[in-house]
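A.B. asks: Task: produce atomic coordinates for the following.
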Amino acid sequence: MVGSTPLSVLNPFIIKKVINGCANEMEVRKLASDDLLIETVNLAQVKDLLKLCNFNCYDVEPKIPHSMNSCKEPEEAIEFFRRHSVLPSEVYCPDCQEPCKFRKDKHQWYCGRYKKYGKTKKRVQCSFCVSDYKGSFLDNTHLPAWQIILFINHWIQKFWNHDVIITCLKWSSKTSVDWRSFCSEVTLSWLQNQPPIGGPGIVVEIDETFFVRAKYDRGRDLRDVWLFGGIERVGKRFFLVPLVKGNQVLDRSAATLVPIIKKFIRPGSIVNSDGWAAYRQLADEGYTHRVINHKEVFVDPDDPTINTQTTERLWRDV
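C.D. replies: Model prediction:
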């Protein structure tokens, strides 16, 4: 029913319009806008499927026939996590130093090799066995993997709604709160441990953007935050750094930005930026620095490779 990847990504804020027949084609397409999860979608079939779901968009995944099998966890959801390195593709036995075999029915990796016991000719079987979920955020949870995917998809949406999770996924309030906190902790850990990007001859575009958000997502208490980031033009690896320290909002001076650049961009990189004064010393820091003056043009007419267009798409995604 859905392309080659049958995991559904549905926007609960558009779904009711689709069911009522008043959504346009663009809004229908937004129901499957995440390229990570869905490759192709038959819009007519999506509309028909939604009509069967009693306004509950999270019921759609179990209604996709290809996802229904005898496993407790739909294998498509498990394989999605595996493709994105949440679950391992291979495990090595710490005793035998050999790759383990995978038991799909129990979601376990086991060794099972026979080896000699001491100096005797007796052979014993290696008993090493580990859960497929060990060390991942699926460890010690009884929630189906497909529900976790749908929860994360909703969590990263612009408009978070706690009641949607409770109503649609049938989770308790405590479970929803715990998983939202957990996702926030994972995001914070990623921000604090991002690997450097770039390298000799690799083009990295850098830029800053300005965010205004309501504190705790409500009221009129606004906090203004600058976000600084960079992205490889070809490899698309990137880093993001909020210019805040505790409750203090940092400025965009060279004293603030240059140490961040040196931390997250490897020496020898070709750095494209606008004409902000804080970047002027990058040539002295081991980078090839190319500048585009955004007050005049966004792409250098003499050398079209000098631009920061990739960072604009990065801000759009953020």
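A.B. asks: can you tell me how far residue 173 sits from residue 243?
C.D. replies: When distance is defined by CB to CB, to the nearest Å, residue 173 is 34 Å away from residue 243. Every C-beta, even on glycine, is put in place using the N, C-alpha and C of the backbone.
A.B. asks: More neighbours: these two, which one.
C.D. replies: Using other CB atoms under 10 Å as the criterion, residue 173 and residue 243 rank with residue 243 on top: 18 against 11.
A.B. asks: what separates the more buried one from residue 249, distance-wise?
C.D. replies: 7 Å.
A.B. asks: which neighbours do these two share?
C.D. replies: Jointly contacting residue 243 and residue 249 under the rule CB atoms under 8 Å, 6 or more residues apart in numbering are 225, 226.
A.B. asks: Tell me which residues of stretch 193-208 come out buried.
C.D. replies: Within stretch 193-208, the residues that count as buried by 16 or more other CB atoms under 10 Å are 194, 197, 198, 202, 203, 204, 205, 206, 207, 208.
A.B. asks: low pLDDT regions in the stretch 51-200 of the chain?
C.D. replies: 51-74, 118, 120, 158 (pLDDT under 70).
A.B. asks: hmm, 80 instead?
C.D. replies: 51-76, 84, 116-122, 137, 153, 156-160 (pLDDT under 80).
A.B. asks: Please, where are all the helices along it?
C.D. replies: For the stretch 51-200 of the chain, the helices defined by DSSP state H, counting those that start in this stretch occupy 60-63, 75-83, 145-155, 162-168, 173-192.
A.B. asks: Output the ones you listed in a markdown table; the columns should cover distance to residue 126.
C.D. replies: Putting the helices of the stretch 51-200 of the chain into a markdown table (distance: least, CB to CB, whole Å) gives the following:
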| stretch | distance to residue 126 |
| --- | --- |
| helix 60-63 | 38 |
| helix 75-83 | 24 |
| helix 145-155 | 28 |
| helix 162-168 | 42 |
| helix 173-192 | 33 |
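A.B. asks: of all those, which gets the most neighbours per residue?
C.D. replies: helix 145-155 (a mean of 20; mean count of other CB atoms under 10 Å).
A.B. asks: Against which helices or strands is that one packed?
C.D. replies: Packing contacts for helix 145-155, counted by 3 or more CB pairs under 8 Å, 6 or more residues apart in numbering; DSSP states H and E, involve helix 60-63, helix 75-83, helix 162-168, helix 173-192.
A.B. asks: Can you check which of those gets nearest to residue 311?
C.D. replies: Closest approach to residue 311 among the helices and strands packed on helix 145-155 (CB to CB): helix 173-192, 17.6 Å.
A.B. asks: Tell me what angle that closest one forms with helix 145-155.
C.D. replies: 70 degrees (axes from the mean of the first three to the mean of the last three CA atoms, to 10 degrees).
A.B. asks: which other residues reach helix 173-192?
C.D. replies: 137, 143, 148, 151-152, 155, 160, 162, 165-166, 169, 171, 240-242.
A.B. asks: After it, which helix or strand is next?
C.D. replies: The first helix or strand that comes after helix 173-192 along the chain, using DSSP states H and E, is strand 203-214.
A.B. asks: What strands line up against that next one, and which way round?
C.D. replies: Neighbouring strands of strand 203-214 in its sheet, by DSSP bridges, are strand 222-232 (antiparallel), strand 270-273 (parallel).
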